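My questions are about this predicted structure, shown below with the sequence.
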2 protein chains.
Amino acid sequence: MSAAPEALEALIRKLQSTSILTEEERQAIRRLPASIRLLVPGQDLVEDGERPAHCGLLVEGWSYRYKLLDEGRRQIISFHVAGDTPDLQSLHLGTLDHGVGALTPCAFALIPHENLKRLTSAFPDVAALLWRETLVDAGIFRTWITAMGRRSAYGRIAHLFCELYLRQEAVGLAADHRCPMPLRQTDLADATGLTTVHISRVLKALRDDNLITFERRQLLIHDWQRLYDAAEFDPTYLHLKSFER
Amino acid sequence: MSAAPEALEALIRKLQSTSILTEEERQAIRRLPASIRLLVPGQDLVEDGERPAHCGLLVEGWSYRYKLLDEGRRQIISFHVAGDTPDLQSLHLGTLDHGVGALTPCAFALIPHENLKRLTSAFPDVAALLWRETLVDAGIFRTWITAMGRRSAYGRIAHLFCELYLRQEAVGLAADHRCPMPLRQTDLADATGLTTVHISRVLKALRDDNLITFERRQLLIHDWQRLYDAAEFDPTYLHLKSFER
DNA sequence: CGCCCATTTGAAAAATTTCAAACGTAGTGG
DNA sequence: CCACTACGTTTGAAATTTTTCAAATGGGCG
């Protein structure tokens, strides 16, 4: 198990983005054993039904949670960027109810449950911050449910782009209404509950309306306000410091 | 603030359904101050955007989480029965990103954040169990996303009935493939992302297929296996003891 | 260059919504 | 006890959204 100190610094930064850690807490996090695991696109970090013994901290790349149904149907449940922990819930749920796959080449830092449990027992404030991470996740799920249930295809996709831009901006991966967007139309379709054909048509409409374009796997948002309006976006659910009320 | 010892016993029972509490932990829970709040149908426990100072433990009745959009559109995010804590996440997220309303007459036990925070700091194992409750919630959200994105209206409704039956059965509120079902067609529509008209037609189809009927606000499941198949149901996501792998 | 994969386009089919009206039932007040 | 009302459910027909199927186009890479 090779040490991966940079990965743990990333976790510290992430947790400190909403709170303050004591020196003692920071040291305890740095003492966590972490091994790095590299994934190629399409490869799984964990599979549905597994009982993992680690949690994965995404250090680099994009990953996604998903569930498979009959006849090749796939639902993507969330997308993840550096700093996210897409299987943190396995710490207390045991069996995974979904898979986690790599969308781009990914680097994960694996931290054993055992050590995380010792850490959270010794430092209740760190436990609260990790708990909080899973609660933000749940807030995003709630918002996706709302998007899928009560937004048009157009609004749903606009909403997803707003979310992915803001989440990347919040961790310094984006600025100027431009951000990496490695998703294929298949991924967009499986995330929004639509077909790739329809995604293609809706993206064309978004382009025709001069809201967005793509350029070398980057999303360029040309009219943030109108995209925001089309999405009926309310950033509260992301629980970002910059939008705190 | 009137004491509500029975309510706290319900919480203890709920937490002990997945784990074991020490006598000391049980005593600490019993010492929590809790006041009872009664709601009539349609009334809100908390509203979207609030920063509540308590968490509500549902002691009696049905409640639901929801979000409102423009033009009267409503999305129901989850349903709750006795033992559930639909705003527990406010303990660490501060601002609510949804409302919690009463579907039937409800009794909630309100527990101040302050006392919950002291409890979870002093007893990491209790913290882990409360954390776990929010993680099961998130698992249900993931499954709803999957249902809305990749299941037909028919399958979606079948799935919801399977879930609501099993969750009630797990806490002793249902048995024999029969359970309370106070939802109106409007609620089903807003939960599944469909219209009431379509809900009416799909319920008719489910009745015509002899899968279910209703009788005095009770759901009667006549063919559990076929309902289960129609829903492509996999109970893993509920993380119930009885289905543990 | 040729191949693979993703995207685009068109036309027809299916699922779901919209609008409008009718129906049923339970509760309220005269 | 009946009439009235409010609310929820059902039904029909037309409109809309989205899917399905099939084929064409485009771009990147070995």
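Okay, I see it.

so what secondary structure elements neighbour the lowest-mean-pLDDT helix or strand in chain A?
Using mean pLDDT, DSSP states H and E, helix A:5-16 stands out as the lowest-scoring helix or strand of chain A, at a mean of 90. Counting contacts by 3 or more C-beta pairs under 8 Å, 6 or more residues apart in numbering or on different chains; DSSP states H and E, helix A:5-16 packs against helix A:23-30, strand A:54-60, strand A:106-112, helix A:124-150. Any C-beta I mention is one placed from the backbone N, CA and C, and that applies to glycine too.

Tell me what angle the first one forms with helix A:124-150.
What separates the directions of helix A:23-30 and helix A:124-150 is an angle of 70 degrees, with axes from the mean of the first three to the mean of the last three C-alpha atoms, to 10 degrees.

Mind listing residues that contact helix A:23-30?
For helix A:23-30, contacts defined as C-beta atoms under 8 Å, 6 or more residues apart in numbering or on different chains pick out A:5, A:8-9, A:11-12, A:15, A:21, A:119, A:122-123, A:125-126.

Of all the residues in it, which ones are buried?
For helix A:23-30, burial by neighbour count (16 or more other C-beta atoms under 10 Å in any protein chain shown) applies to A:25-26, A:28-29.

now the third one
Within strand A:106-112, the residues that qualify as buried are A:106-112, counting by 16+ other C-beta under 10 Å.

Need phi/psi at the residue sitting nearest the centre point of chain A.
The centroid of chain A falls nearest to A:His80 when counting by C-alpha atoms, centre = their mean (2.4 Å). Main-chain dihedrals, A:His80, degrees, to the nearest 10: phi -140, psi 140.

neighbours around the residue in chain A that DNA strand C sits nearest to, how many?
Here chain A gets closest to DNA strand C at one residue, A:Gln185, 3.0 Å apart by C-beta to the nearest atom of the strand. Neighbour count for A:Gln185, taken as other C-beta atoms under 10 Å in any protein chain shown: 16.

Just list the residues touching the closest residue in space to A:Leu240 that isn't next to it in sequence, thanks.
Closest residue to A:Leu240 apart from its sequence neighbours, by C-beta to C-beta, 6 or more residues apart in numbering or on different chains: A:Ala170 at 5.0 Å. Listed by C-beta under 8 Å, 6+ apart, the contact set of A:Ala170 reads A:17, A:238, A:240-242.

Among the residues you listed, which one sits closest to DNA strand D?
Checking the contacts of A:Ala170 one by one against DNA strand D (C-beta to the nearest atom of the strand), the nearest turns out to be A:Leu238, at 24.2 Å.

can you tell me how far the closest one sits from B:Glu114?
Going from A:Leu238 to B:Glu114 by C-beta to C-beta, to the nearest Å gives 26 Å.

A:Gly139 now?
Going from A:Gly139 to B:Glu114 by C-beta to C-beta gives 23 Å.

So whichever helix or strand A:Leu227 is part of, near DNA strand D or not?
Assigned by DSSP states H and E, A:Leu227 belongs to helix A:224-230. No - counting by C-beta under 7 Å from any atom of the strand, DNA strand D is not contacted by helix A:224-230; separation bottoms out at 12.9 Å.

what packs against that helix?
With contacts taken as 3+ C-beta pairs under 8 Å, 6+ apart, helix A:224-230 sits against helix A:153-170.

ok, back up a step: filter the contacts of A:Ala170 down to the buried ones, ChimeraX style.
To isolate the buried members of the contacts of A:Ala170 in ChimeraX, using 16+ other C-beta under 10 Å:
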select /A:238,240
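
which among the contacts of A:Ala170 gets closest to A:Leu135?
Distance to A:Leu135 across the contacts of A:Ala170 (C-beta to C-beta) is lowest for A:Leu238, with 11.7 Å.

wait, that closest one sits on A:Gln168?
No - the criterion here is C-beta atoms under 8 Å, and A:Leu238 misses it with A:Gln168 at 11.4 Å.

Report the buried residues of stretch A:199-217.
A:199, A:202-203, A:206, A:211-212.

try stretch A:36-53
Within stretch A:36-53, the residues scored as buried using 16+ other C-beta under 10 Å are A:36-37, A:39, A:45-46, A:48, A:50, A:52.

Could you identify the most distant pair in these?
Going by C-beta to C-beta, the pair spanning these furthest: A:Ile36 and A:Asp48, at 23.6 Å.

Taking the contacts of A:Ala170 together, which two end up most distant?
Spanning the widest gap among those are A:Ser17 and A:Leu238, at 11.9 Å by C-beta to C-beta.

Now tabulate the contacts of A:Ala170 in a markdown table and tack on distance to B:Arg65, secondary structure and pLDDT.
Converted to a markdown table, those look like this (distance: C-beta to C-beta, whole Å; DSSP: H, G, I helix; E, B strand; the rest coil; pLDDT from 0 to 100):
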| residue | distance to B:Arg65 | secondary structure | pLDDT |
| --- | --- | --- | --- |
| A:Ser17 | 26 | coil | 88 |
| A:Leu238 | 17 | helix | 96 |
| A:Leu240 | 21 | coil | 93 |
| A:Lys241 | 24 | helix | 87 |
| A:Ser242 | 25 | helix | 85 |
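
Return the member of the contacts of A:Ala170 nearest to chain B.
Of all the contacts of A:Ala170, chain B sits closest to A:Leu238, with 8.7 Å by C-beta to the nearest C-beta.

Could you pull up the residues touching the closest one?
Neighbouring residues of A:Leu238 by C-beta under 8 Å, 6+ apart: A:136, A:139-140, A:163, A:166-167, A:170.

ok now the least confident helix or strand of chain A, how far from the chain's centre?
Chain-centre distance of helix A:5-16: 16 Å, with C-alpha atoms, centre = their mean, to the nearest Å.

residues in chain A within reach of DNA strand D, list them.
Taking C-beta under 7 Å from any atom of the strand, the part of chain A that reaches DNA strand D is made up of A:152-154, A:193-195, A:197-198, A:201.

Between those, identify the one with the most neighbours.
Each of the residues of chain A next to DNA strand D was scored for neighbours by other C-beta under 10 Å, and A:Gly193 scores highest at 22 neighbours.

Could I get the contacting residues of the closest residue in space to that residue that isn't next to it in sequence?
Closest residue to A:Gly193 apart from its sequence neighbours, by C-beta to C-beta, 6+ apart: B:Gly149 at 3.0 Å. Applying C-beta under 8 Å, 6+ apart to B:Gly149 gives the contacts A:75, A:148, A:190-193.

give me that answer again for 10 Å
By C-beta atoms under 10 Å, 6 or more residues apart in numbering or on different chains, the residues touching B:Gly149 are A:67, A:69, A:73-77, A:144-145, A:148, A:189-194, B:156, B:193.

again with A:Val126
Contacts of A:Val126 by C-beta under 10 Å, 6+ apart are A:15, A:19, A:21-22, A:25-26, A:28-29, A:116, A:119-120.

Quick check: the gap between it and B:Glu25.
Remark: distance between A:Val126 and B:Glu25 (C-beta to C-beta) = 21 Å.
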